[in-house]
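Novice: coords please:
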Amino acid sequence: MSRKGKVLVAMSGGIDSTITSLMLHDEGYEVVGITMKTWDYASAGSSKKETGCCNLDSFNDARMAAVHHGFPHFVLDIRDEFGDFVIENFVDEYLAGRTPNPCVMCNTHIKWRALLKRADALDCEFIATGHYGNINHHSNGRYFVSKGVDELKDQSYVLWGLEQDLLSRTILPLGKYKKTQIRQMALDYGYPELARKSESYEICFVPDNDYRGFLKRKVPGLEERVSGGNFIDKNGQIIGQHKGYPFYTIGQRKGLDIALGKPAYVMAIDPVKNTVMLGDETDLEQNEMTVGKLNLMKYESITPGMEVSTKIRYKDKGALSNIYPEGSLMQVRFYEQVKSIAPGQSAVWYEGDDVIGGGIIYHVKGFSR
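Specialist: Coordinates of the predicted model:
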């Protein structure tokens with residue numbers, strides 16, 4: 001019987017999840033490794049070799065680490081669970097003129113729920129992943145995520161959707177370390193190839209980051225259906241034709257294929273009219289938005305006007321703002337102008353390093369979900 005308890009560790013075969021499992025094993029936990037197959041490129045209609053968490057080499061790397069250190073390992077096929085929600089949400093959001101974040105959706109609705117379900121079946125008290133973040137327990141009884149110490153690797157932004165039952169059983173060992181320390185641990189454990197292994201930042205089911213090609217393959221006839229729509233200016237005047245509204249994102253400047261004599265940026269997307277509004281860079285600056293599909297972490301409720309730092313994308317540094325709950329929505333008012341707020345992306349609120357909660361951006365300056 002382990003002195004620390006039994007933990008189910010999500011192992012992708014990469015450095016972070018492997019070191020997570022070995023650290024917990026050394027700390028006295030009874031570790032069970034599990035590798036989840038979420039996607040295969042063949043079903044995407046791509047000839048690109050599978051990479052990241054969804055290839056046979058990674059599965060074998062995870063299994064060999066488990067065998068070498070004497071703990072069990074399983075492979076779990078969740079392609080049906082993953083595809084039904086994450087893939088359909090991804091496609092539906094772009095068809096609705098929004099910009100989704102599939103990693104948030106996967107963590108919130110698929111990965112952690114799948115882990116917890118299997119943890120219960122295997123009598124594991126805890127689940128663990130290789131995310132860079134920390135789980136804390138407030139004196140009010142609530143669990144919440146805090147930023148990891150490595151600012152460049154911190155992944156608290158993509159964990160805002162985890163609910164209390166998941167957080168209470170989650171362990172994130174890497175949150176207290178920098179990536180350089182994790183690479184050194186890999187060397188110390190005798191895995192030099194793992195220490196040098198490159199990391200993939202692609203969406204796992206979108207080969208070469210070509211989301212436009214993915215949409216075309218998933219929705220037959222899409223290109224013909226949406227091509228020929230109009231570019232318009234902020235006054236509604238037609239200034240050209242585009243290739244289809246789903247193939248553009250808020251703030252996009254490159255690849256517009258339109259000559260206006262000055263740089264142009266995507267300001268708004270209207271899927272009903274099949275129009276894409278263009279403007280100057282300053283037109284992207286806004287200071288209010290409405291957020292829905294909320295999940296609160298650190299506090300059960302929010303005092304109207306609470307000051308927080310709001311992140312509107314993964315690599316965003318955050319901007320000071322006040323938040324005002326209104327039923328199932330949250331109104332956010334920034335102290336200063338913020339650039340390229342995109343409906344469909346996640347808004348995450350921080351109190352210092354602690355995640356207060358988050359949600360999906362619905363409405364920005366007249367352009368709504």
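Novice: show the contacting residues for Leu284.
Specialist: Contacts here follow CB atoms under 8 Å, 6 or more residues apart in numbering; on that basis Leu284 touches Ile250, Gly251, Tyr265, Met267, Lys339, Ser340. Glycine gets a C-beta too; all of them are placed from N, C-alpha and C.
Novice: determine which two of those residues are furthest apart.
Specialist: Met267 and Lys339 (11.1 Å; CB to CB).
Novice: closest to Leu174 out of the contacts of Leu284?
Specialist: Using CB to CB, these come closest to Leu174 at Ser340, 29.9 Å.
Novice: ranges for the helices of the stretch 151-300 of the chain?
Specialist: Taking DSSP state H, counting those that start in this stretch, the helices of the stretch 151-300 of the chain run over residues 164-167, 179-188, 192-196, 211-218, 222-226.
Novice: tell me which element Asn60 is part of?
Specialist: Here Asn60, judged by DSSP states H and E, is contained in helix 56-69.
Novice: centre of the chain to that helix, how far?
Specialist: In this view, helix 56-69 has its centroid 25 Å away from the chain centroid, taken as CA atoms, centre = their mean, to the nearest Å.
Novice: what's the helix or strand that it is followed by packed up against?
Specialist: As assigned by DSSP H and E, the chain's next helix or strand after helix 56-69 is strand 73-77. Packed against strand 73-77, as judged by 3 or more CB pairs under 8 Å, 6 or more residues apart in numbering; DSSP states H and E, are the following elements: strand 30-37, helix 56-69, helix 112-121.
Novice: take these and write them to CSV, including mean pLDDT, distance to Pro192 and mean neighbour count.
Specialist: Rendered in CSV, the data for those read as follows (pLDDT from 0 to 100; distance: least, CB to CB, whole Å; neighbours: other CB atoms under 10 Å):
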stretch, mean pLDDT, distance to Pro192, mean neighbour count
strand 30-37, 94, 21, 23
helix 56-69, 83, 13, 17
helix 112-121, 94, 29, 18
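Novice: kindly reformat those as TSV containing distance to Ile182.
Specialist: Output for the helices and strands packed on strand 73-77, formatted as TSV (distance: least, CB to CB, whole Å):
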stretch	distance to Ile182
strand 30-37	17
helix 56-69	14
helix 112-121	21
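Novice: and Ile182, what is it in contact with?
Specialist: Contacts of Ile182 (CB under 8 Å, 6+ apart): Ile15, Asp16, Ile19, Leu174.
Novice: run a quick neighbour tally on the closest residue to Ile34 other than its chain neighbours.
Specialist: Excluding the flanking residues, the one nearest Ile34 by CB to CB, 6 or more residues apart in numbering is Phe74, at 5.0 Å. By other CB atoms under 10 Å, the residues close to Phe74 number 16.
Novice: so Phe74 sits right up against Lys37, yeah?
Specialist: No. Using CB atoms under 8 Å, Phe74 is not in contact with Lys37, being 11.1 Å away.
Novice: quick check: the gap between His138 and Gly240.
Specialist: Going from His138 to Gly240 by CB to CB, to the nearest Å gives 53 Å.
Novice: tell me which of those two has more neighbours.
Specialist: Using other CB under 10 Å as the criterion, His138 and Gly240 rank with Gly240 on top: 16 against 12.
Novice: that one bridge partners, please.
Specialist: Phe231 (DSSP bridges).
Novice: list the contacts of it.
Specialist: Counted by CB under 8 Å, 6+ apart, Gly240 has contacts Asn230, Phe231, Ile258.
Novice: tell me the pLDDT of the second one.
Specialist: When you say that, I think you mean Phe231. Predicted confidence (pLDDT) for Phe231: 97.
Novice: quick one: residues contacting it.
Specialist: Contacts of Phe231 (CB under 8 Å, 6+ apart): Ile238, Ile239, Gly240, Gln241, His242, Leu256, Ile258, Thr275, Val276, Met277, Leu278.
Novice: closest to Ala114 among these?
Specialist: Closest approach between those and Ala114, by CB to CB: Val276, at 37.0 Å.
Novice: surely that closest one meets Gly229?
Specialist: Yes. With contact defined as CB under 8 Å, Val276 and Gly229 form a contacting pair (6.9 Å).
Novice: neighbour count winner among these two?
Specialist: Between Val276 and Gly229, counted using other CB under 10 Å, Val276 has the larger neighbour count: 27 against 19.
Novice: in contact with the more buried one, which residues?
Specialist: Shown in contact with Val276 (CB under 8 Å, 6+ apart): Gly229, Asn230, Phe231, Ile232, His242, Tyr245, Tyr248, Val266, Ala268, Ile269, Asp270.
Novice: wait, the last one touches Tyr245, no?
Specialist: Yes. Using CB under 8 Å, Asp270 and Tyr245 qualify as a contacting pair, with a distance of 7.2 Å.
Novice: with distance to Arg196 added, can I get the contacts of Gly240 in CSV?
Specialist: As requested, these are exported to CSV (distance: CB to CB, whole Å):
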residue, distance to Arg196
Asn230, 50
Phe231, 46
Ile258, 43
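Novice: any shared contact partners between Val276 and Gly229?
Specialist: Counting by CB under 8 Å, 6+ apart, the common neighbours of Val276 and Gly229 are His242, Tyr245.
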